[in-house]
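J.: For reference, the sequence and a predicted model appear below.
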Amino acid sequence: MPRFGGASRAVTSRWARATYLMACGVLLGSVWAMAPAASAQVDLPVIPDPVAVELDHSTTAYLLLDMVDAICPARPSCPGTVPAATSLLTRARDAGALVVHTTGRAGGTQMPGLEPLPSERIVGAPADKFFGTDLDDILVSHGIRTVVIAGTAANGAPMYTTFGANLRGYTAVVVSDVLPGQTPFDTFLTQYQVLNEPGFDNPNNTPLVEGRVTLSRSDLITFR
């Protein structure tokens, strides 16, 4: 005759399951307590206001990144930034600054008002327009020390090309009102990141710190 009857085995089995479930509950409770609540608020950093800059046209290049029909219209806020980009383009050309346009992998045609002049170069590349291209050679051959960066998508070409510029020793001016992303947060993220790049940070947005980024705006940028 077995030492424990069926009823005893059933009680033992229920006790084991209860103990197991209790242990799982304690473990999950511990993990949940250590994890941030899904609804927890995160305090976002404050982005400094754009600042005015005056640039030497002979050592400055205006880089218009991926403002093309294959990319820009897909970002809801991008078409609305074309007038500011065009205004700055006109002033850069009038001052005699170098202008370089870029396209992404899919190519495309520059948005109306931003069409390149015959003398202006077009560079095709993924997000970092320096990687695998002759962009650095173009800038060096023209004696460029400062790049003005505008374009889309904010957390793509502008962000990565800005870092690529700093890695190569260029001072960068990022145009805050020509920085459209897929969402407003993409633009916010990019503005924060370019001012806080590891090794090239300028968190207070001090104007024109050599080799770092200044966050400006199209109507605050002048050429001399």
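T.: That came through fine. Just so we're clear, the structure is a prediction, and the values are computed from it rather than from any experiment. Residues are numbered from 1 along each chain as shown.

J.: Grab the most central residue of the chain for me.
T.: With distances taken as Cα atoms, centre = their mean, Asn155 lies nearest the centre of the chain, 2.4 Å away.

J.: Need the per-residue pLDDT for it.
T.: With respect to pLDDT, Asn155 scores 95.

J.: Could you count how many residues lie near Pro126?
T.: Applying other Cβ atoms under 10 Å, we find 14 residues neighbouring Pro126. All C-beta atoms are positioned from the backbone trio N, CA, C, and that covers glycine.

J.: ok, it touching Ala106?
T.: No - using Cβ atoms under 8 Å as the test, Pro126 is too far from Ala106 to be in contact (10.6 Å).

J.: Ala127 touches Tyr160, doesn't it?
T.: Yes - counting by Cβ under 8 Å, Ala127 touches Tyr160, with 4.1 Å between them.

J.: which residues does the residue nearest to Thr86 when sequence neighbours are not counted contact?
T.: Nearest-residue entry for Thr86: Gly113, 4.1 Å, with adjacent residues in sequence omitted and distances by Cβ to Cβ, 6 or more residues apart in numbering. Residues near Gly113 by Cβ atoms under 8 Å, 6 or more residues apart in numbering: 82-83, 85-86, 89.

J.: Quick check on these: which are buried?
T.: 82, 85-86, 89 (16 or more other Cβ atoms under 10 Å).

J.: With pLDDT added, can I get those in CSV?
T.: What follows is the buried ones among the contacts of Gly113, written out as CSV (pLDDT from 0 to 100):
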residue, pLDDT
Val82, 97
Ala85, 98
Thr86, 98
Leu89, 98
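
J.: Sort out for me which of those are in helices.
T.: Of the buried ones among the contacts of Gly113, the ones assigned to helices by DSSP state H are 82, 85-86, 89.
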